[in-house]
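K.L.:
Take this sequence and fold it.
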Amino acid sequence: MMGTHLIRKQTVEVELPSLEPALDLQQRVSRLVQEHLNPALSKQFDQLSGPNQILRLDQISVTVQIPSISALEDQLVEQVLQSLEKVLSDSELKKGKGLTLTLEETNFSTSGKPQIDEEPTPLTKISEEELLWEAFVFFLRKGYLPWWSFSGHFEEFTAKTQHLLQTESGPLLRKSLAPLLQTKGAVVRLAYQFPKEFLQAVLRSCEEESGLSQNLGQVVSSLPPPVQAAWEKAELVLPPKSKAAKSGEPTPQEDSSTSPSKTDEKEGLYLQNAGLVLLAPFLETYLHTGGLVQNHLVTKPLDAVHWLQFLVTGQNRTPEPELLLNKLLCGIPLDTPVPAEVVLPPVCEKEAQNVLEAVIRYWVVLKNTSPAGLREGFLQRSGRLSRKPDGDWLLQVEQKSYDMLLSSLPWSYSLIKLPWMSQILWVDWA
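P.N.:
Now for the predicted structure:
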């Protein structure tokens, strides 16, 4: 992992005697952080971890004091690095105390030395395998991956996790999987998202747990037929359909940790299809044409999320972590398990083409742009979804140089509230 460092949030607060130079200083500090401080931090973090080792540092708050604004470029990076070096070399680090990755405050004053604010927070040392397993368990519970997790294709994530299930380190990690196999959400999600070979690896990895396969069979037998079929293909033996549940036998449990945490919602969930919001005026008619909406309610949400994604990618297979915005726009909880693939009828492709062509026709500045160009240029856009204090949602969309064309879009996308949505989605694309 040398040279690979992730910072979820980096904040720089500057205290000044007056606001007069604030705008110019903001630009200077931003440039310093991006061009000089962050590369220097990366080099310093390179020295922390060994091979196959990951260090998790929750937060650090550093105060540096610069004698004058003119000395900013010369002293900011140097003082921050000195402060971090003190913490990183401190013997307390070995006792489980560490630092956080938020540069919080730069205080311009005439005297004083850099200091570490507040008590250092715990430093966690884990292996790459443990981190992968943690992400896998997180996904089974939530339906999306943690922000720090795997950045490649979900298929590669699946392959690495399956390999981990089959390694010697597996038994130490399987204890966290056994309880999840008694919950509906995780069992359904496994069937929906992973191939037969993966489910077989799950079953083999749990053979040492007495009675686990039998208990899993009881759980699966109470779930919808497609879920049962997936597990049966993996050679899980289900109890006879006529067998009634006996007293004392395990019943499927609801995992209380499945829904997105308040921290996740506040800090943000990351998307790759944020531009889907531009199509909001067309979505109800589009889904209604496919028989997925009746009386202004989505009647087939598991299909509907993929109909929406087809507008963005033209594909009928999309891993669940990439469907968060779709779930929100379909009015279902974000932790609802959805299949990775559905059979889309020919009418879906036809109506999706009609929607994209209509957008291009009404959005006259696009002129001869193709549906593929619309998808790539605007719909397949990164974004951050977070919960506002009043319960509504906020989507912040990554900006591109040609976003000036959005000013000529003949409808608004800043506020979205489809008939079946319980909360408003506010869009920040400025």
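K.L.:
what's near enough to touch Phe193?
P.N.:
Let me fix one detail, which is that residue 193 is Gln and not Phe. With contact taken as C-beta atoms under 8 Å, 6 or more residues apart in numbering, Gln193 is in contact with 154, 158, 319-320, 339-340. Quick note: C-beta positions are derived from backbone N, CA and C, even for glycine.
K.L.:
Among these, name the buried ones.
P.N.:
When the contacts of Gln193 are checked for burial by 16 or more other C-beta atoms under 10 Å, the buried set is 154, 158, 319-320, 339-340.
K.L.:
Can I get those in a markdown table including secondary structure?
P.N.:
Shown next, in a markdown table, are these (DSSP: H, G, I helix; E, B strand; the rest coil):
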| residue | secondary structure |
| --- | --- |
| Phe154 | helix |
| Thr158 | helix |
| Pro319 | coil |
| Glu320 | helix |
| Pro339 | coil |
| Ala340 | coil |
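K.L.:
Least confident of the contacts of Gln193?
P.N.:
Lowest pLDDT among the contacts of Gln193: Phe154, with 90.
K.L.:
re earlier: out of the buried ones among the contacts of Gln193, give me the two with the largest separation.
P.N.:
Spatial extent of those (C-beta to C-beta) is set by the pair Thr158 and Pro339 at 14.7 Å.
K.L.:
For the protein, which residues score under the pLDDT cut-off?
P.N.:
By pLDDT under 70, the low-scoring segments of the chain are 1-3, 17-21, 49-53, 87-123, 150-151, 168-174, 208-210, 242-263.
K.L.:
Now do Leu180: how many residues are near it, please.
P.N.:
Leu180 has 20 neighbouring residues, counting by other C-beta atoms under 10 Å.
K.L.:
Any figure for the gap between it and Ser127?
P.N.:
Separation of Leu180 from Ser127 (C-beta to C-beta, to the nearest Å) stands at 21 Å.
K.L.:
mind checking the SS state of Ser422?
P.N.:
The local conformation at Ser422, judged by three-state DSSP, is coil.
K.L.:
Who are the contact partners of it?
P.N.:
Ser422 makes contacts with Gly331, as judged by C-beta under 8 Å, 6+ apart.
K.L.:
Please tell me how far it sits from Glu78.
P.N.:
Ser422 sits 51 Å away from Glu78, going by C-beta to C-beta.
K.L.:
quick one: secondary structure of Gly152?
P.N.:
Secondary structure, three-state DSSP: Gly152 is coil.
K.L.:
Count the residues that sit near it.
P.N.:
By other C-beta under 10 Å, 8 other residues sit near Gly152.
K.L.:
Use 277 as the first number for this chain going forward.
P.N.:
Okay, using 277 as the starting number, the last item reads as Gly428.
K.L.:
That one: what's it in contact with?
P.N.:
Contacts of Gly428 by C-beta under 8 Å, 6+ apart: none found.
K.L.:
Over to Trp705?
P.N.:
Listed by C-beta under 8 Å, 6+ apart, the contact set of Trp705 reads 553, 672-673, 675, 679, 682, 689-690.
K.L.:
Next, the buried residues of the helix or strand harbouring Leu360.
P.N.:
According to DSSP states H and E, Leu360 maps onto helix 348-365. The neighbour-count check on helix 348-365 (16+ other C-beta under 10 Å) flags 348, 351-353, 355-357, 359-360, 363-364 as buried.
K.L.:
Please apply the same query to stretch 637-648.
P.N.:
Buried-residue list, stretch 637-648, by 16+ other C-beta under 10 Å: 639, 642, 645, 647.
K.L.:
need these in CSV with distance to Thr589 and secondary structure, can you?
P.N.:
Output for the buried residues of stretch 637-648, formatted as CSV (distance: C-beta to C-beta, whole Å; DSSP: H, G, I helix; E, B strand; the rest coil):
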residue, distance to Thr589, secondary structure
Trp639, 20, coil
Leu642, 19, helix
Thr645, 17, coil
Pro647, 11, helix
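K.L.:
Closest to Leu610 out of those?
P.N.:
Set against Leu610, the nearest of these by C-beta to C-beta is Pro647 (28.2 Å).
K.L.:
Gln629 is in contact with that closest one, correct?
P.N.:
Yes: if you go by C-beta atoms under 8 Å, Pro647 and Gln629 touch, sitting 6.4 Å apart.
K.L.:
which residues touch Asn571?
P.N.:
Asn571 neighbours (C-beta under 8 Å, 6+ apart): none.
K.L.:
Phi first, then psi, for it.
P.N.:
Backbone torsions for Asn571, taken as degrees, to the nearest 10, come to phi 50, psi 40.
K.L.:
What's the separation between it and Leu457?
P.N.:
Per C-beta to C-beta, Asn571 is found 38 Å from Leu457.
K.L.:
before we move on, what about Val553?
P.N.:
Val553 is 37 Å from Leu457, where distance means C-beta to C-beta.
K.L.:
And for Ile608?
P.N.:
24 Å.
K.L.:
cool, Thr434 as well?
P.N.:
As judged by C-beta to C-beta, Thr434 and Leu457 stand 18 Å apart.
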